[in-house]
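1. With the sequence up front, the predicted model follows.
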Amino acid sequence: MYDILSVFQCISFHLRTIVIVGICVHQFMALAAPAQSPIVSPTLTTDLRQTFIDHCGDCHSDDLAEGEINLVAALDGEFSQQVVLWQRSRDMLRRGQMPPRDADILPQNIRVQMLDWITAQLRVESRRNPGDPGPVALRRLSNAEYTYSIQDLTNVSTLQPTSEFPADGAAGEGFSNTGMGQAMSPAMIDKYFQAAQSTAARLVLLPDGFRFSQYQSRSDQVTEIVEQIQTLYHRYSDAGGGSTVNFDGQNLVTNDGGRLPLDRYLKVLAAAELEVVKGGLTYEQLARQHGLSPKYLRRLADVLTNPNSDANPWIDSLRRRWQSPNRSTDEIVLQIQTWQKQWWKFNVIGHLGRQGGPTTWMESVEPLSKQFVFNIPLSSDWSTKTVQFDFSRSEWSSEQAQLEWSEPKVDFASGKAALYLSDSLEAAAMIRNDQKELLRSSDYIKYLLKPPALRASHSDLRTDLLQAWANWLGLSLSGKPIVTGHLADRLENVAGHSAICGWGRDGGTTVLVNQSESPISFLTLAIPARQLVVHPTPSTEAVIQWQAPQSGVFDVRLEVKDQDPQCGNGIELRLEKRTQLNRQVLLNQTIENGGRLAFTDDDVANNELRSISLEAGEILMVVVSPRNRDHSCDTTQIQFQLVDKSTQEKWDLAADVVDRIHKSNPVPGPQNSVDVWHFCEQSLDGEFRPKISAESILGKILEAASRPQTNDSELQKLLVELDRLATNEQLEEFSAIDRELCRELYDWFGPLNWLSIAQGNLELKIDPNRWKVGDPRSNRLPAEMLKNGSLRTTVNLKPGGNDSEFATPICRIYDNDQRVVAEFIASQVLMVPGTPGANKLSEQLAEVRELFPPALCYERIVPVDEVVTLTLYYREDEWLQRLMLNEAEIAELKRLWQELWFVAQEPLGKAVAFEQIAEFATQDRPDLVIEFRTIGETIKQRAEEFKQELLDSQAEQWRAVRPFAERAWRRSLSDEDELKLRHLYDQLHSEGVDHESAMRLVLTRILTAPAFLFKLEHTPTAVPSARVSDAELATRLSYFLWSSLPDDPLRELSSRGELSKDQTLREQTARMLCDDRVARLAREFGAQWLHVRNFAENNEKSETLFPEFAELRQAMAHEVELYFEYLFRNDRSILDLLDSDYTFVDARLAQFYGFAGDDQSEFHRVGGVRTSNRGGIVTMAAVLANQSGASRTSPILRGNWVYETLLGEKLPNPPPGVPQLPETLPTGLSERELIEQHSSRAECASCHRLIDPYGFALEQFDAIGRNRSAIVNTDAVLDSGQTISGAQGLKKYLLEQRRDDFVKQFCRKLLGYALGREIILSDEMLLEEMQRQLSAQEYRVSAAVEAIVTSRQFREIRGPGNGTTDKGENHD
Amino acid sequence: MINQTRFSRRALLRGLGVTMALPWLESVSAAGECFRPHRAFRTADAPRRLAVLFSGNGYHSREWWATGQGSDMQLGRVMEPLLPYRSQLTFIRGLYNAEALKGNIHSSQTGNLLSGAPLAAGGKVQTGTSFDQLIAQQVGKETKLPSLVLGCEKANPSVHKNYSMLYSSHISWSSPTTPTPLEVYPALAFDQLFKDSTQAGQQSVLDAVGSDAQSLRHRISQQDQQKLDEYLNSVREVEQRLERARNRGELQGWRPTITEPTLPRPNDGYPQDVAEHMRLMCDILVLAFQTDTTRVCTLKLNNDHSALRFPNLGIDYMIHHLLSHSDNEDWLKVNQFFIEQLAYIARRLDETQEGERTALDNSVIMMCSSMLHGNHDATQLPVVLLGKGGGALSGGQNLDYRVQEN
């Protein structure tokens, strides 16, 4: 809320005041000396005495003494003994309440006569002992003071120890800091003990003492420190920036956080450069404004603006860009980020410290090398038709360096040959030529569709193109069906059994054999001896294919068995026959879990299997499919035999492959070398054929060809249509599907893969000199040909150059319009190793790294990047310290880390972690045991040392007890005091209580002691009054202004006996009024005076009528506090309280008040509020709402509040038998009219006319203080006959005509608060002096505060020699 | 069977502080005597208990009355909830607090209700020790807690027309200058009953701070010594209580039927719902008697000048104090709601069998207010007693002192 400047202003305000007040107070003190004021009592003439008896004696004499007032006796007695009686008499006379209505009327001149005498007498009385400190009951800390004292003592501002204490009572001038109103009881002792214990539970023991945390548990306290360190880290580093790393199947981010916020620094520098150069701003100021590190900002500025004699090519290039007229900070940042990625790497914390492992989280990578290999991904969506490559070098290269680029080529997806850039133009020309063949597509297809036996020679067809067509159509040149989906990975030693091996992947489709002579069981399954099993997955089927080595008729026997009966849901089995174009399902059966199917008998049902005709190359396949995609426990044994019925040749799956399974996939048959057994998988979602739309011409052709009954003319028509499509003309006559087919036909990377065809026909034509630095760019190459590939080339320094040459190669790609579409810079710097030049480069690179590390610190502190780790807290922040932090910050960081180690008891924690890991490792990672054994001893030893450290620190911790008690008890401790504390500690210790608990109990004892709970003051002996000690004065002062114990400067001054010096006292007062803690004075004095101290908890409004109130009351209460805080901190005029043009609101309150456009969510000062009828306490929502009913306003309550609280008047009790007011308004009556009716009764009117008009003037505000939308009558006639109108009228009236009454009331309340007692008659002169000072100093509040703190009342205490009895000291 | 130590009506009334004919201390100690176990009293007999309930701002002006005696007794509508307990009821009319007539309205009508002592004005706080505390000081050593002082509305920290609002917020005073702090948090009140565990070191800490206070006495003024003595005495009492808690059961000749809480510990914090708050406090009062944790309990249902609202009754447009000025049907509803609390306690105690009698038979529950009705009239006070005080009261009585001198 307050910026630095306003605090400075505040201080200077007060300094100015000190001088003025200093002089005045000095004079005042001289005046106030008792010797200077001779007391002359006005005489009571016989006439006057008789007048009193005539008018009052009937009721107030010995006989009757109504209201226990015996005026006659008082007249004849000592005036000073009856002060209270005379004060009451004066008030009754003055307000016209006596004599009563039914008595004789008192003539005005008589009344004045009587009043004058009483007033004069009282005035004399008030000067009898001016400055008398008065009777101040021993003050216990109020709940608020207790809370603030604990917060200040522990430095933990969140503690609320009294939240469940009984509410304080108020006494004296209406404040809860008055001793009279403060009870003590066993229940309170209980609460104090509990509260002290709860505070002590937050003790944090440190190596050299202790402090407090907001938390009670060690783990929370540790987290708190970690967060504090992180807060310091975050001051100069950014979060995020990490990239996900897959580590053992877990996604971890190890390089997150602690980032160098380079971007912000450069932007701030760029924006403020001119101003700094002109000298209007220093880097320090600039950094402070933007929350940056001055150290780094200055260093960056140096680097970027001052030419460096020892040139560093990288930094030089940055400087050039910085100083360029087209400077772009974004580009600079991008460049540096590129370097950061290339020259650094991040390690997993969990791996640090392992043998041979990394030693730091962020590790530099030396980018110097002889050679660099570019692997540049080329775009898949170039919009340009042609691209050009430029092979060159970056600006941070030596001028003579020449590069040698070897054979740049483009790699494509696996299975396709690479294309040398040097060949690409030629390849493009060839493709255009080859595609002419498309015009006779029908010839190619016709050829492929014929059975091999019927095929003529294809001499007029190109073999490579024929092959391409065959691949696309899923046909083969040979005419045999193509087998796809071969399992490619060999499996060995499955489940630890050396006899089990096969094909497939863990978790994928598998085919396994048991090569041993006995069955092998593992998990829930069994594999019989010398048998084969398969296992599908949820998305793939396991397929065994037998490819006929010869044409013939075959007898087929098949037996299939679920080998895993304990679980799963069975499988589905198919037997299929495949030809070039056809698929025929011979069997399709379900096998229940654990079930078996056999087609081995010669029965009729198996007829079909007994003789199956196959052409050579055609296939029989056994498909095992997971039933309902549930593949669990689907291990299935397959026995499969075939016999050629004419030759009696036999193929037996198990017999053929058990021992030869790893020979290859497919496995050849037993008698010949032709591949026979294929082990494959096929997707459950897959297509039988390659992706050719059945709706397209090509799809229709294939469909037609696969139907045996298709006649040739139908097929022929389709083939002609295909050729017509392939002309790539008049495409609009074709369907969209066919247009897409046409595009595919011509796509260089499409199904026919023209590029591959062209590559097959290219001869290698590489000229190594063709691509080198300095050459013009390469030819324009067709973009279509290169897209999706990746450019690969190796680059070296050209041999024979100078040893000191170095270069960073760059490859740029340009589009049609010569614009760079991509640029790739080598991550390595090429040089000649081992030369002096290389060493220098190394240094220069280190210099760049030093300036721009990617991260400044390991922000996580608690590593989570490994499953188990010995590192509980990891610190790596040297970069932050070196680049960003100043000395103080470095020291703070050091302190925090030391605390963290100590509080977390890290060495002990590490010893535990070590035990756990060692145990874990012996089970799962025996290889690590040896590694751990070496560090185990160190860890144990360190833990033992730490235990000793803990013991050693106990003495230091005890030493901190005494200063703590001195602060809590607000005085210095004697040795005897300390001995008493030690006695408790020793006693507890002897009872077996451990050190930490004993320390806590000693603190509990300190905080439960009377010296903490009471503001004890030494009573002087045998004198009427004496000054309090300096320490006591410090306590009075700090509880007055801060509601809390004295801070270090106050204690320091009082210990030297200097606080009681006038000058020092005034300086300290000024200092304290400028402090944050004055907010407490605002709350405890200001809000309490106005009766809104607990308004935030006000629950008195109807929820039906004012549902919004519950959400507003807190803000309403806060406005009052901020208003008073502002008054004190900025030394404003106390008349601002009556009227000002500002107030304090948050967004919600601003909306409530109707301050248009004010939507700052935080509380802030807002000006120009007079026009909205606000400004000043009278129109604050909290006050208006507090003095209203639950559902309607009460002009009586509001009026009475103005009358009594602001003006210090007092109303008598209402007469008995007052009629009741209705709870709801009778129809047709406003609240005002209702009250007016009530007040018009004679017995009521005498009081109501005094208060109601003020309330009427505030009727524009409803029961929660909101401006009513309708205009209401706010004109009011005061008791004096004067008319005021509305809130502004009332404020004007108070400000101009009741100013003195208000100022006096303010002084009285502030003095009563400061002294903690009621104002007494002898305070009269001080009150007058306060008013005089205020009026002389533009009503600045400091005038009143100064007058109080320098007064005798404030600085002295009564002794037993004081002659005044406590009775009869009521001042009005 | 019938207890020989009769409960003297005069002693009781003087004890209430509603009259001032005798020096009040004398009268109150007489009342305290009644609660002490008589020598002839068998230790196995259940003890007598006293509960004082208070609600501020009086009752409906036309519906607070009783006619007839015993089972013929007719009751005003405010007291309807008490109809089932007429045989246990003593209705008293015509009592007043002479000192309360002297000062202000509200702020000086409550603080001395149970002592009848004058109230100091002018920012001072001084009246008399209330009779519940005097009794507690006499009989309190028999139980873990000398007394339990509960409330359902927080105290009001301000000064009203020259009188501290401490007076409006406290009927129970442990010394003339010390209002007994009210426990308004149900959970903490519950803990007072059942949280027995003495924390390690608590005794030592209390010893130490007690000795601090002792050694400070000579350095400060006489007036301050009084304040410090309140502290010292409080520390001593807590120590004694710890002592008693340790020896619980050995001190009491009589063993209560219930030793464990019969309701769960209430939630922490301050209940937002008035009905729930009052019900919890009533439950805790009953439980305190059932477990013999204390024999004297004061429950202030609200403050005089109370700001409670009653959304639970559908009456949220006006706070209690302003409602008291209205005298309408809603005011009656609110009155009945307060009397229901009394009836609830009576019912719960009546259900608690203690030998041949019930806990209600062994108790006196007094309900009173600061004024008869909303317009501050304290020339008569509303007072009812429930229970037979172990035979000292006969119940079913309708007493009217309006025409009698004292």
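-> Structure received. The model shown is predicted, which means the values in this text are computed figures rather than measured ones.

2. in the stretch 301-406 of chain B, what residue is nearest chain A?
-> B:Y317 (3.8 Å; CB to the nearest CB). In short, each C-beta sits where N, CA and C put it, glycine included.

3. Just give the closest residue to whatever residue of the stretch 201-350 of chain A ends up closest to chain B, not the sequence neighbours.
-> Among the residues of the stretch 201-350 of chain A, A:A201 lies closest to chain B, at 10.9 Å counting by CB to the nearest CB. For A:A201, ignoring the flanking residues on the chain, the nearest one in space by CB to CB, 6 or more residues apart in numbering or on different chains is A:Q216 at 4.5 Å.

4. for the one you found, helix, strand, or coil?
-> coil (DSSP: H, G, I helix; E, B strand; the rest coil).

5. Angles on the backbone of A:F1106, please.
-> phi -130, psi 60 (degrees, to the nearest 10).

6. meant to ask about B:V184
-> phi -110, psi -10.

7. Contact partners for the residue nearest to it when sequence neighbours are not counted?
-> With CB to CB, 6+ apart as the criterion, B:V184 has its nearest non-adjacent residue at 4.8 Å, and that residue is B:G151. B:G151 makes contact with B:169, B:182-184, B:281, B:299-301, according to CB atoms under 8 Å, 6 or more residues apart in numbering or on different chains.

8. Surely A:G57 and A:V72 touch.
-> Yes: using CB atoms under 8 Å, A:G57 makes contact with A:V72 at a distance of 5.5 Å.

9. returning to that earlier point: would you turn the contacts of B:G151 into a markdown table with distance to A:E275 and neighbour count?
-> Putting those into a markdown table (distance: CB to CB, whole Å; neighbours: other CB atoms under 10 Å in any protein chain shown) gives the following:
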| residue | distance to A:E275 | neighbour count |
| --- | --- | --- |
| B:S169 | 63 | 28 |
| B:L182 | 64 | 25 |
| B:E183 | 64 | 22 |
| B:V184 | 61 | 21 |
| B:M281 | 68 | 29 |
| B:L299 | 72 | 28 |
| B:K300 | 68 | 26 |
| B:L301 | 70 | 26 |
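
10. just checking, which of those belong to strands?
-> B:299-300 (DSSP state E).

11. circling back to that earlier point, the residue of the stretch 301-406 of chain B closest to chain A belongs to a helix?
-> No: going by three-state DSSP, the assignment for B:Y317 is coil, not a helix.

12. Against B:N328, how distant is it?
-> 12 Å (CB to CB, to the nearest Å).

13. swap in A:A103?
-> 38 Å.

14. How about A:G760?
-> Taken as CB to CB, the span from A:G760 to B:N328 is 106 Å.

15. and what of A:R1005?
-> The value you get for A:R1005 to B:N328, if CB to CB is used, is 56 Å.

16. More neighbours: which of the two?
-> The residue with more neighbours, out of A:R1005 and B:N328, is A:R1005; 27 against 13, by other CB atoms under 10 Å in any protein chain shown.

17. Nearest spatial neighbour of the more buried one, chain-adjacent residues omitted?
-> B:V205 (4.5 Å).

18. List the beta-bridge partners for the residue sitting nearest the centre point of chain B.
-> Nearest to the geometric centre of chain B sits B:T298, at 2.4 Å (CA atoms, centre = their mean). Listed beta-bridge partners, B:T298: B:V52, B:V149 (assigned using DSSP bridges).

19. ok, it touching B:L148?
-> Yes: with contacts counted by CB under 8 Å, B:T298 reaches B:L148, the gap being 7.5 Å.

20. one step back: got the contact list for the residue nearest to the centre of chain B?
-> B:51-54, B:130, B:132, B:147-150, B:171-172, B:180 are the contacts of B:T298 under CB under 8 Å, 6+ apart.

21. The residue most central in space within chain A and A:V333, how far apart?
-> Geometric centre of chain A, nearest residue: A:A239, 10.1 Å, by CA atoms, centre = their mean. The gap separating A:A239 from A:V333 is 17 Å, by CB to CB.

22. before we move on, what about A:T871?
-> Taking CB to CB, one finds A:T871 at 32 Å from A:V333.

23. try A:V795
-> Distance from A:V795 to A:V333, by CB to CB: 27 Å.

24. Over to A:V268?
-> 13 Å.

25. Neighbour count: the two, which is higher?
-> Taking other CB under 10 Å, A:V268 and A:V333 do not tie; A:V268 has more neighbours (20 against 17).

26. residues contacting the closest residue to chain B within the stretch 351-500 of chain A?
-> Nearest to chain B in the stretch 351-500 of chain A, going by CB to the nearest CB, is A:G353, at a distance of 42.3 Å. The neighbours of A:G353, taking CB under 8 Å, 6+ apart as the test, are A:359, A:870-871, A:935.

27. how about a cut-off of 6 Å?
-> Not one residue lies near A:G353 by CB atoms under 6 Å, 6 or more residues apart in numbering or on different chains.

28. which residues in the stretch 151-300 of chain B form strands?
-> Using DSSP state E, counting those that start in this stretch, the strands of the stretch 151-300 of chain B run over B:159-160, B:163-164, B:173-175, B:178-179, B:296-300.

29. Ignoring the adjacent residues along the chain, who's closest to B:S169?
-> B:A155 (3.6 Å).

30. can you give me the helices for the stretch 51-200 of chain A?
-> A:71-76, A:83-94, A:108-126, A:143-154, A:186-200 (DSSP state H, counting those that start in this stretch).

31. before we move on, what about the stretch 301-450 of chain A?
-> Under DSSP H, counting those that start in this stretch, the stretch 301-450 of chain A gives helices at A:313-323, A:329-343, A:424-434, A:441-449.
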